[in-house]
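Peer 1: structure, please.
(chains A and B)
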Amino acid sequence: MAVRVRYPPSPTGFQHIGSVRTALYNYLYSRGQGGTFVLRIEDTDRKRFVPEALQDIYDTFAWLGFHWDEGPDKGGAKGPYLQSERLAIYTSYVDELLARGQAYRCYCTAERLEGLRKEQESAGAANPSAQGYDRHCRWLPESERQEQESAGTPSVIRLAIPLEGSTSFVDMLLGEITVENKSISPDPVLIKSDGFPTYHMANVVDDHLMEITHIMRGQEWLPSVPMHVILYHALGWSPPAYCHLPMVMGKDGHKLSKRLGSTSIRDFRAQGYLPDALLNCIAMVGWSYDGSRELFTLKELEELFDIGKLNKAPGVFDYQKLDWFNGMYIRAKSREELADLIAPFMKEAGLPSDDRSMLQGIAGLVQERVKTLSEVPGMVRFIFEEPLAPTRDDLLPRKSDPEKTVDALRRLQALLPELGGSPVASEARLRALAEQLGMKLGDLLMPLRVAVTGSKVSPPLVESILVMGVDEARRRAARAIAILEQR
RNA sequence: GGCCCCUUCGUCUAUCGGUUAGGACAUGAGAUUCUCAAUCUUAAAAGAGGGGUUCGAUUCCCCUAGGGGCUACCA
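Peer 2: Okay, here's the model as predicted:
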């Protein structure tokens, strides 16, 4: 049977590291198996729906560069792929369950449920097992049921979980798992009072109707599997294969959340991470190829991904490692590619971003010393905006007299117009000057570096000057000389 | 509280009974270098604890501990 997997986000927040990893593994598995990858939007919670989040799903995966074969934007034979457009389907199946007595209407009010919860909390250890709904309406006499119906009391529909026995299933990663029916959430809601299905109902019905063969998702779903299995059986279906992935956690050891710094993909994008780097890094949390190789393109991952190499233990997403990955990918780009990537960040920072040869020059300046694209403007701002006037202290190397430094700066200033062409040739001329003065090139250049860049730390000076233009560099050198000559 | 899952360097991981327990990030030291980076070399760094099984356990089983998840008319 052809493999069909799905990624079912709910549009309640932005796509983040954890959700994208789940999507990625599903995608990779579908590619490796020659299967189909389906996107299904689980928008059954009207209160939490945020339209921006829906758009974010499309934007994120377009940027990351992998896509589904069937989905709301793409169509497909098993649609619609928006759960809010499938309401009639869910009700028809729940009617069957109702008719067979496998589900029942519950008229309990939110207040009663709340009171029940409080009661159970205070009962504490005295009543260890029975937590959750007390199944009050499951045993409602027919007369009372009629009464509620004619009174028009709002109701939900609950699944009647078997009171005895146990339910088991096999997880591809975790093996066989068996749970006592007694410990399954007592009679979960299938249809809410607003007529929308809950996740439990919708995902079971849709996975079956969409002929999903494998469910790959985070381990936080593990506890609800027995209940889903019961639902499948109640509907006369058999469940798909399960594979529960280890969770991705933040540095605090908890499930990734907004508060721990940015985890949303759009934020990483804004900070100047490259999609390939991010994907590569995400893929390595919970899966590894052989423990030594860790640089992979999407294409390679598609071929190499293997469920057997998944890890069972949850993993912490390492931001420092992401920086390293990003640096590797930035360095692997060509000047031209990097120039294109840099342009929007220059523009965003209010710096020139249209001159391609200039951008390529900048790419050369920063390529080996930047971890994210957003660092670029700060690193090259001095090229476009004259830095604050340096102080004497900054200009004067330790243990060096002002006269010598001024003299060196003068010589440099005079030499500047002759620079040009290749950085190598320019550097050779400066090296010759240093030799002539009996100085090390580094010592000769430091005052000029401060004069030109405003800092002792900068991209390579010679190349920077060439990008900036020698005239501007001369002006700044002159300014530095003036500062040193002030008494 | 109950149920479920997990447990190798600080972090991501390799090992599918026999290894000096390997790699990577981060960290320290050194080399190189026009500063900073990048690059190269190098150092330190791990099998939670206790029982078994076995000629032999990081590896298989059990217990304990620790961590995480779930326990909604959210997904």
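Peer 1: confidence score at residue A:123?
Peer 2: Per-residue pLDDT puts residue A:123 at 69.
Peer 1: which residue ranges form the strands in the stretch 51-200 of chain A?
Peer 2: A:103-106, A:156-159, A:166-171, A:175-180, A:189-191 (DSSP state E, counting those that start in this stretch).
Peer 1: near residue A:17, how many other residues are there?
Peer 2: Look at residue A:17: counted by other C-beta atoms under 10 Å, it has 23 neighbours. (C-beta placed from N, C-alpha, C; glycine too.)
Peer 1: measure it to RNA strand B for me?
Peer 2: Using C-beta to the nearest atom of the strand, to the nearest Å, residue A:17 is found at 12 Å from RNA strand B.
Peer 1: OK, contacts around that residue?
Peer 2: A:248, A:256, A:263, A:265, A:282, A:317 (C-beta atoms under 8 Å, 6 or more residues apart in numbering).
Peer 1: residues in contact with the last one?
Peer 2: Residues in contact with residue A:317 (C-beta under 8 Å, 6+ apart) are A:17, A:248-250, A:256, A:263, A:282, A:285.
Peer 1: so which of the residues you listed belong to helices?
Peer 2: Counted as lying in helices by DSSP state H, out of the contacts of residue A:317, are A:17, A:282.
Peer 1: closest one to residue A:74 out of the contacts of residue A:17, please.
Peer 2: The nearest member of the contacts of residue A:17 to residue A:74, counting by C-beta to C-beta, is residue A:265 at 19.9 Å.
Peer 1: which parts of the stretch 151-300 of chain A are helices?
Peer 2: All helices of the stretch 151-300 of chain A, identified by DSSP state H, counting those that start in this stretch, fall at A:199-209, A:225-234, A:265-270, A:275-283, A:298-304.
Peer 1: and the first one, how far from the chain's centre?
Peer 2: Relative to its parent chain, helix A:199-209 has a centroid offset of 26 Å by C-alpha atoms, centre = their mean, to the nearest Å.
Peer 1: repeat for stretch A:225-237
Peer 2: 32 Å.
Peer 1: ok, now stretch A:208-223?
Peer 2: The answer for stretch A:208-223 is 21 Å, by C-alpha atoms, centre = their mean.
Peer 1: distance between the ends of that stretch?
Peer 2: 20 Å (C-alpha to C-alpha, to the nearest Å).
Peer 1: what do you get for stretch A:67-75?
Peer 2: For stretch A:67-75, the first-to-last residue distance is 13 Å (C-alpha to C-alpha).
Peer 1: mean confidence for it?
Peer 2: If you average the pLDDT values across stretch A:67-75, you get 97.
Peer 1: also stretch A:320-337?
Peer 2: Per-residue pLDDT over stretch A:320-337 has a mean of 97.
Peer 1: that stretch near RNA strand B at all?
Peer 2: Yes - using C-beta under 7 Å from any atom of the strand, stretch A:320-337 reaches RNA strand B at A:320-321, A:323-324, A:327-328, A:331.
Peer 1: just the buried ones from these, in PyMOL syntax?
Peer 2: Buried subset of the residues of stretch A:320-337 next to RNA strand B, written as a PyMOL selection, criterion 16 or more other C-beta atoms under 10 Å:
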select buried, chain A and resi 327+328
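Peer 1: okay if I get the strands of the stretch 51-200 of chain A as TSV plus distance to residue A:466 and mean neighbour count?
Peer 2: As requested, the strands of the stretch 51-200 of chain A are exported to TSV (distance: least, C-beta to C-beta, whole Å; neighbours: other C-beta atoms under 10 Å):
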stretch	distance to residue A:466	mean neighbour count
strand A:103-106	75	21
strand A:156-159	72	23
strand A:166-171	60	15
strand A:175-180	63	12
strand A:189-191	69	23
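Peer 1: and these: which comes nearest RNA strand B?
Peer 2: Of all the strands of the stretch 51-200 of chain A, strand A:189-191 sits nearest to RNA strand B, with 3.5 Å by C-beta to the nearest atom of the strand.
Peer 1: mean pLDDT and distance to residue A:450 added to the strands of the stretch 51-200 of chain A, as a markdown table?
Peer 2: Formatted as a markdown table, the strands of the stretch 51-200 of chain A follow (pLDDT from 0 to 100; distance: least, C-beta to C-beta, whole Å):
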| stretch | mean pLDDT | distance to residue A:450 |
| --- | --- | --- |
| strand A:103-106 | 96 | 76 |
| strand A:156-159 | 97 | 72 |
| strand A:166-171 | 95 | 62 |
| strand A:175-180 | 94 | 64 |
| strand A:189-191 | 97 | 69 |
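Peer 1: adding distance to RNA strand B, write the ones you listed out as a markdown table.
Peer 2: Output for those, formatted as a markdown table (distance: least, C-beta to the nearest atom of the strand, whole Å):
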| stretch | distance to RNA strand B |
| --- | --- |
| strand A:103-106 | 8 |
| strand A:156-159 | 5 |
| strand A:166-171 | 8 |
| strand A:175-180 | 5 |
| strand A:189-191 | 4 |
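Peer 1: pull the number of nearby residues for residue A:78.
Peer 2: 17.
Peer 1: pLDDT at it, what is it?
Peer 2: 96.
Peer 1: got the contact list for the residue nearest to it when sequence neighbours are not counted?
Peer 2: Using C-beta to C-beta, 6 or more residues apart in numbering and skipping residues adjacent in sequence, the residue nearest residue A:78 is residue A:210, 4.3 Å away. By C-beta under 8 Å, 6+ apart, residue A:210 lies in contact with A:4, A:6, A:38, A:40, A:78.
Peer 1: now with 10 Å?
Peer 2: For residue A:210, the contacting residues are A:4, A:6, A:8, A:36, A:38, A:40, A:70, A:76-79, A:81, by C-beta atoms under 10 Å, 6 or more residues apart in numbering.
Peer 1: low-confidence ranges, the stretch 151-300 of chain A, go.
Peer 2: A:257-262 (pLDDT under 70).
Peer 1: same thing but 90
Peer 2: Residues of the stretch 151-300 of chain A meeting the criterion pLDDT under 90: A:250-263.
Peer 1: over in it, which residue gets nearest RNA strand B? Let me know.
Peer 2: For the stretch 151-300 of chain A, C-beta to the nearest atom of the strand, closest residue to RNA strand B: residue A:291, 2.2 Å.
Peer 1: phi, psi for that residue please.
Peer 2: Main-chain torsions, residue A:291, degrees, to the nearest 10: phi 90, psi -10.
Peer 1: endpoints of stretch A:67-82, how far apart?
Peer 2: Terminal-residue distance, stretch A:67-82 (C-alpha to C-alpha): 17 Å.
Peer 1: residue A:90: neighbouring residues, count only.
Peer 2: Residue A:90, neighbours per other C-beta under 10 Å, totals 23.
Peer 1: so the residue nearest to it when sequence neighbours are not counted bridges to which residues?
Peer 2: Once flanking residues are discounted, residue A:90 sits nearest to residue A:197: 4.3 Å by C-beta to C-beta, 6+ apart. Per DSSP bridges, the residues bridged to residue A:197 are residue A:191.
Peer 1: surely residue A:197 touches residue A:89?
Peer 2: Yes - if you go by C-beta atoms under 10 Å, residue A:197 and residue A:89 touch, sitting 9.1 Å apart.
Peer 1: and residue A:353, how far from RNA strand B?
Peer 2: Distance from residue A:353 to RNA strand B, by C-beta to the nearest atom of the strand: 22 Å.
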